[in-house]
Every structure is written in structure tokens, then in C-alpha cells.
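> whatever this is, show me its structure:
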Amino acid sequence: MTTGEMVEAATVPRVVPILSSLLQRVAERNDTAAAAEGQRPVSPFQGLTKPAISIGGYLERIFRFASCSPSCYVVAYIYLDRFLRRRRPTLAVDSFNVHRLLITSVLTAVKFVDDICYNNAYFARVGGISLAEMNYLEVDFLFGIAFDLNVTPAAFASYCAVLQSEMAYLEPPAPAEAPRLQLQYCCAGPSDHDDAAAVATAVCHHHNQQQPQLTV
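Here you go, the predicted structure:
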């Protein structure tokens with residue numbers, strides 16, 4: 001089997017479509033809000049046009065060619081949340097910045113989580129940007145999260161719970177099951193200090209909402 005065939009045969013972990021679905025709805029909601037306001041934030045992550053590739057296709061491309069472990073996507077989600085919390089309200093995930101935010105957050109997570117990873121030049125090619133831009137975005141992102149890279153087991157479990165609720169949203173329920181959960185949190189999951197009880201409360205509150213409330 002050739003390298004290309006091995007890449008093609010790799011099974012995409014569930015976290016990839018779940019995270020892409022979550023970010024797709026957030027981006028669409030924020031696109032509508034930005035269009036109503038008639039302006040978009042100024043940021044190194046902000047593109048002039050929407051990339052032709054979908055968020056799901058982009059995340060799947062990263063997985064297939066960057067060989068990241070599934071846990072990297074959860075950690076990337078945590079880093080992205082930290083970044084957006086510090087940049088709020090000047091930056092929100094939309095169709096013009098989500099791809100750059102994703103490639104940068106995944107790159108940062110891979111370097112922290114995985115024992116072996118590709119360099120910035122390779123990630124730049126995978127992400128469809130120049131090496132100079134990749135380097136600049138990485139530095140901006142690291143300063144944006146104040147180099148807060150450590151993720152405790154409790155924090156990891158908390159964000160997994162948020163992604164779990166998104167999975168429940170995606171999968172159609174059996175006839176005897178309760179209605180599907182609607183996503184409450186986009187890239188603003190529980191803080192690192194939230195415990196399992198807080199997560200459960202958030203998910204229950206989220207279940208009772210008629211419309212999802214976006215926080216970024």
C-alpha cells in the first residue's frame with residue numbers, strides 16, 4: 001500500500017465531524033450577525049474571502065495529512081476557546097477566519113500533545129497558507145492564550161462532555177428517546193475549573209433552551 005493509499009484509508013475519528021459541525025453553525029450564526037452590523041473584525045486570522053473548502057473538509061484534510069492524534073482536536077478546541085475568551089468581543093468565529101483559527105489551534109495542540117509532529121512548513125502546506133503566515137499566526141495565537149497550554153484531565157473531560165452533547169445533536173434519536181439536544185456552547189465550553197457537575201448543569205440548561213445561544 002502506498003503512502004497516499006494509507007492516508008486515504010485512515011478512519012476519520014468522530015471528533016472531527018463533531019467539531020466541524022459545531023464550528024459550522026457558529027460561523028453561520030456569526031456571519032449573519034456581521035452582515036447585519038455591516039462590519040467584520042480586524043485580525044490576522046481574518047481572510048478577505050471565504051475559503052472554497054468547507055470546515056468539515058478542512059478538518060478532515062488536516063487529519064489525513066498531518067496525522068494528528070484524536071485528542072489533539074479536543075485540545076485544539078480548548079485552546080480556541082481560551083483564545084476567543086481573551087479576544088471577545090473583538091473576534092468571533094466566522095467563515096472568514098475559522099480555517100486559519102483551526103490550522104493554528106491544531107498546530108499548537110499537536111506540538112504540545114503528540115510526541116512526533118510535522119513542522120510549520122508542512123502545516124502551512126496542509127492549511128493552504130504561506131510559511132510566513134503560519135509562523136505569524138502561531139505567535140499571535142500563543143500570545144492570545146498567554147501561553148496557557150496546560151490542559152488538566154478535568155478540563156479535557158469537560159470539553160469532551162460539550163462535544164458529546166454536539167454528537168447527540170447530530171445523531172437522530174430513537175423513537176423512545178428524548179428530543180435532541182441543541183448546542184448551547186460554541187467555542188466557549190466550561191472553564192478549566194468547572195467540574196463534572198457544572199458540565200451536567202450546562203448541558204441540562206442547554207437542553208431546555210428553544211434556541212442555541214452563542215457566546216462567541
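
> helices or strands up against the top helix by length along the chain?
Longest among the helix segments of the chain by residue count, using DSSP state H, is helix 15-37. Other elements packing on helix 15-37 under the criterion 3 or more CB pairs under 8 Å, 6 or more residues apart in numbering; DSSP states H and E are helix 55-66, helix 70-87, helix 98-113, helix 153-170. Glycine gets a C-beta too; all of them are placed from N, C-alpha and C.

> nearest residue to the middle of this protein?
residue 77 (4.3 Å; CA atoms, centre = their mean).

> what separates that one from residue 159, distance-wise?
For residue 77, the distance to residue 159 under the criterion CB to CB, to the nearest Å works out to 6 Å.

> can you pull the domain assignment for the chain?
When the chain is parsed with automatic domain parsing, its domains come out as 3-144, 153-208.

> return the most buried member of these.
Per residue and on average, the most neighbours among those fall to domain 3-144, with a mean of 18 (mean count of other CB atoms under 10 Å).

> that domain: how far from the chain's middle?
For domain 3-144, the distance between its averaged C-alpha position and the chain's averaged C-alpha position is 6 Å (CA atoms, centre = their mean, to the nearest Å).

> can you put the domains of the chain in a markdown table and add mean pLDDT?
Output for those, formatted as a markdown table (pLDDT from 0 to 100):
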| stretch | mean pLDDT |
| --- | --- |
| domain 3-144 | 91 |
| domain 153-208 | 56 |
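
> re earlier: measure how the longest helix of the chain sits relative to helix 98-113, angle-wise.
For the pair helix 15-37 and helix 98-113, the angle between their directions (axes from the mean of the first three to the mean of the last three CA atoms, to 10 degrees) equals 140 degrees.

> between helix 15-37 and helix 55-66, how big is the angle?
With the same axes, to 10 degrees as the basis, helix 15-37 and helix 55-66 are set at 140 degrees to each other.

> with just CA atoms, put helix 15-37 into PDB.
Extracted C-alpha coordinates of helix 15-37, given in PDB (Å, rounded to 0.1, in the frame of the first residue of the first chain):
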ATOM      1  CA  VAL A  15     -14.300  14.200  17.000                       C
ATOM      2  CA  VAL A  16     -13.500  15.700  13.500                       C
ATOM      3  CA  PRO A  17     -17.100  15.800  12.100                       C
ATOM      4  CA  ILE A  18     -18.400  16.700  15.500                       C
ATOM      5  CA  LEU A  19     -16.100  19.700  15.900                       C
ATOM      6  CA  SER A  20     -16.600  20.800  12.300                       C
ATOM      7  CA  SER A  21     -20.400  20.700  12.800                       C
ATOM      8  CA  LEU A  22     -20.200  22.800  15.900                       C
ATOM      9  CA  LEU A  23     -18.000  25.400  14.300                       C
ATOM     10  CA  GLN A  24     -20.100  25.400  11.100                       C
ATOM     11  CA  ARG A  25     -23.200  26.500  12.900                       C
ATOM     12  CA  VAL A  26     -21.200  29.100  14.900                       C
ATOM     13  CA  ALA A  27     -19.700  30.500  11.800                       C
ATOM     14  CA  GLU A  28     -23.000  30.800  10.000                       C
ATOM     15  CA  ARG A  29     -24.600  32.500  13.000                       C
ATOM     16  CA  ASN A  30     -21.800  35.000  13.300                       C
ATOM     17  CA  ASP A  31     -21.800  35.600   9.500                       C
ATOM     18  CA  THR A  32     -25.400  36.700   9.800                       C
ATOM     19  CA  ALA A  33     -24.700  38.900  12.700                       C
ATOM     20  CA  ALA A  34     -21.700  40.500  11.000                       C
ATOM     21  CA  ALA A  35     -23.700  41.100   7.800                       C
ATOM     22  CA  ALA A  36     -26.400  42.800   9.900                       C
ATOM     23  CA  GLU A  37     -23.800  45.100  11.500                       C
END
